[in-house]
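K.L.:
Mind folding the following:
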Amino acid sequence: MLRNLLALRQIPQRTINAAPVRQFKNKVPEKQKLFQEDDSIPVHLKGGVGSALLYRATMLFTVVGTVYALYQLGMASFPKKQN
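P.N.:
This is a model prediction of the structure:
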């Protein structure tokens, strides 16, 4: 049992590693060139298809949420009569 406790104590010590496991290529300069081009595309759509889908989904949720909030406000303004 003592051996198990000592093994548990060593697990956190082994998982912390100061050296990075792998190096990633820096993509910032490529993205800067893409977003700084003057090609008459709005900056929120320059990311490609994913950005366009995210933009449209956000606009859809915003419009639907606004309509639903106005509907609920209208329903709250005219309470049902109690018999």
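K.L.:
Can you tell me the centre-most residue of this structure?
P.N.:
By C-alpha atoms, centre = their mean, the mean C-alpha position of the chain lies nearest to residue 54, the distance being 10.0 Å.
K.L.:
distance between the helix or strand containing that residue and the chain's centre?
P.N.:
Assigned by DSSP states H and E, residue 54 falls within helix 49-77. In terms of C-alpha atoms, centre = their mean, to the nearest Å, the centre of helix 49-77 is set 18 Å apart from its chain centre.
K.L.:
Who are the packing partners of that helix?
P.N.:
Here helix 49-77 touches no other helix or strand, going by 3 or more C-beta pairs under 8 Å, 6 or more residues apart in numbering; DSSP states H and E. No exception for glycine: its C-beta is placed from N, CA and C like everyone else's.
K.L.:
least trustworthy helix or strand in the protein by mean pLDDT?
P.N.:
When the helices and strands of the chain are scored by mean pLDDT, DSSP states H and E, helix 2-15 comes last with a mean of 65.
K.L.:
And the next helix or strand past that helix?
P.N.:
Trace forward from helix 2-15 with DSSP H and E and the next one is helix 28-36.
K.L.:
Name the residues of that next one that come out as buried.
P.N.:
With burial defined by 16 or more other C-beta atoms under 10 Å, not one residue of helix 28-36 is counted as buried.
K.L.:
Of all the residues in the helix holding residue 54, which ones are buried?
P.N.:
Those buried within helix 49-77 under the rule 16+ other C-beta under 10 Å: there are none.
K.L.:
Do me a favour and average the pLDDT over that helix.
P.N.:
For helix 49-77, mean pLDDT is 96.
K.L.:
Which residue of this structure lies farthest from its centroid?
P.N.:
Distance from the centre of the chain peaks at residue 83, with 49.0 Å (C-alpha atoms, centre = their mean).
K.L.:
ok, the residue nearest to the centre of the chain to residue 24 distance?
P.N.:
23 Å (C-beta to C-beta, to the nearest Å).
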